[in-house]
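**Student:** fold the stuff below for me.
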Amino acid sequence: MTLSESVICCEGFHDRAFWKGMLLHLGCTDPGAPTAGGSGRRSVYDPWGSKVFGGGQFAYLSRSGEFIRVVPCGGNDGVLTETRLRLQLRTTKAVREIVVCLDSDKNADGSPPASRIITNTAVEAIARGADRACTAVGQNGFAVDGGATRVHLVTWSVADPPSPTLPNQQTLERLVTAAIIAAYPTRALPVQNWLATRPAPPPPSPKDFAWSHMAGWYSEHGCDAFLSETWKDRSIAAELEGRLGQNGAWSVAQALTA
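**Tutor:** Numbering: from 1, shown residues only. Down below sits the predicted model:
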């Protein structure tokens, strides 16, 4: 049997936490989870016998036992760098799927974004750098080496219209906030009012909304765990599934975890 893995290259630890919740929701298992009665996490090894550690990497097993590595990369540029590296390593460490996971960073109201947007064109350039004959697959993906490796762009964005109850910037926080409000509509206005009446607030951030919902209803989890725990709420999970299905991210996650 050929040894291989799938790799999710995401921006940071909060994305990693969200992926943790989604992967477990889709039936994956965590090989590092403590044993019954144990207190510490177990060491995890990749298919080649190397210990998974460093840089906050996590690992999971799909429903069929395939190895999935989640790598927080420290921002957009780090995600692209890690994607190039994983493609370079594919001759010695075969990789089935590479998920390039980024905030869309577009603005819901159509105004010019404040930061640089990473598009599918940038991902295609990386794929073609590894295999000039790569071909497009799916909504935002590319088949490298005749499909032996597939590269997918997953962006956090939702079609919910601009609203004072949501961040304007398309990010993971907008996705999570939109799903929570759809599941629990009465929470939207209290959070909006709190944010609007803060004395001398800092410059606005998409995190203002998500962390306000966390503090109001999930404070026992903390910010990182909050993003994975949302998947355990059936009402919120259903709203997340619907939104991720609109931009192709859900089908990528389902294929990854089969």
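
**Student:** going forward, measure contacts and count neighbours with C-alpha atoms only.
**Tutor:** Will do.

**Student:** give me the distance between the residue of the chain most remote from its centre and Val144.
**Tutor:** Distance from the C-alpha centroid of the chain, by C-alpha atoms, centre = their mean, peaks at Pro199 (33.1 Å). According to C-alpha to C-alpha, to the nearest Å, Pro199 and Val144 sit 53 Å apart.

**Student:** next one: His152
**Tutor:** To Val144, His152 is 11 Å away according to C-alpha to C-alpha.

**Student:** same drill for these two, tell me which one is more crowded.
**Tutor:** Neighbours were counted for His152 and for Val144 using other C-alpha atoms under 10 Å; His152 has more, 26 against 23.

**Student:** which residues are contacting the helix or strand harbouring that one?
**Tutor:** Secondary-structure assignment from DSSP states H and E places His152 in strand 149-156. Strand 149-156 has contacts (C-alpha atoms under 8 Å, 6 or more residues apart in numbering) with 94-104, 120, 123, 127, 140-144, 170-172, 175, 247-249, 252.

**Student:** and stretch 32-45, by the same measure?
**Tutor:** When contacts are defined by C-alpha under 8 Å, 6+ apart, stretch 32-45 is touched by residues 31, 51-52, 59.

**Student:** of those residues, closest to Ile8?
**Tutor:** Sorting those by distance to Ile8 puts Ala59 at the head of the list, at 9.8 Å, by C-alpha to C-alpha.

**Student:** skipping adjacent residues, who's closest to Gln254 in space?
**Tutor:** Leu26 (7.1 Å; C-alpha to C-alpha, 6 or more residues apart in numbering).

**Student:** does that neighbour touch Val252 like I think?
**Tutor:** No: the pair Leu26 / Val252 is not scored as a contact, 11.7 Å apart, by C-alpha atoms under 8 Å.

**Student:** who's more crowded, these two?
**Tutor:** Just comparing Leu26 and Val252: by other C-alpha under 10 Å the higher neighbour count belongs to Val252, 20 against 17.

**Student:** now the helix or strand containing that one against strand 149-156, angle please.
**Tutor:** Val252 belongs to helix 249-257 when assigned by DSSP H and E. Going by axes from the mean of the first three to the mean of the last three C-alpha atoms, to 10 degrees, helix 249-257 is angled at 140 degrees with respect to strand 149-156.

**Student:** same for helix 249-257, what does it pack against?
**Tutor:** Applying 3 or more C-alpha pairs under 8 Å, 6 or more residues apart in numbering; DSSP states H and E, we find helix 249-257 packed against strand 149-156, helix 234-246.

**Student:** dump those into CSV; add distance to Ala36 as well.
**Tutor:** Listed next are the helices and strands packed on helix 249-257 as CSV, based on distance: least, C-alpha to C-alpha, whole Å:
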stretch, distance to Ala36
strand 149-156, 35
helix 234-246, 26
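
**Student:** okay, those, which one's buried deepest?
**Tutor:** Mean neighbour count (mean count of other C-alpha atoms under 10 Å) peaks for strand 149-156 among the helices and strands packed on helix 249-257, with a mean of 24.

**Student:** quick one: average pLDDT of that one?
**Tutor:** In this model, strand 149-156 has an average pLDDT of 97.

**Student:** now that strand - C-alpha only, PDB.
**Tutor:** This file holds the C-alpha atoms of strand 149-156, laid out as PDB (Å, rounded to 0.1, in the frame of the first residue of the first chain):
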ATOM      1  CA  THR A 149      -2.400  15.000  -5.900                       C
ATOM      2  CA  ARG A 150      -5.300  17.500  -5.900                       C
ATOM      3  CA  VAL A 151      -5.000  21.100  -4.700                       C
ATOM      4  CA  HIS A 152      -8.200  22.900  -3.500                       C
ATOM      5  CA  LEU A 153      -8.700  26.500  -2.600                       C
ATOM      6  CA  VAL A 154     -11.200  26.900   0.300                       C
ATOM      7  CA  THR A 155     -12.100  30.500   1.300                       C
ATOM      8  CA  TRP A 156     -14.100  31.500   4.300                       C
END
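
**Student:** done for today, thanks.
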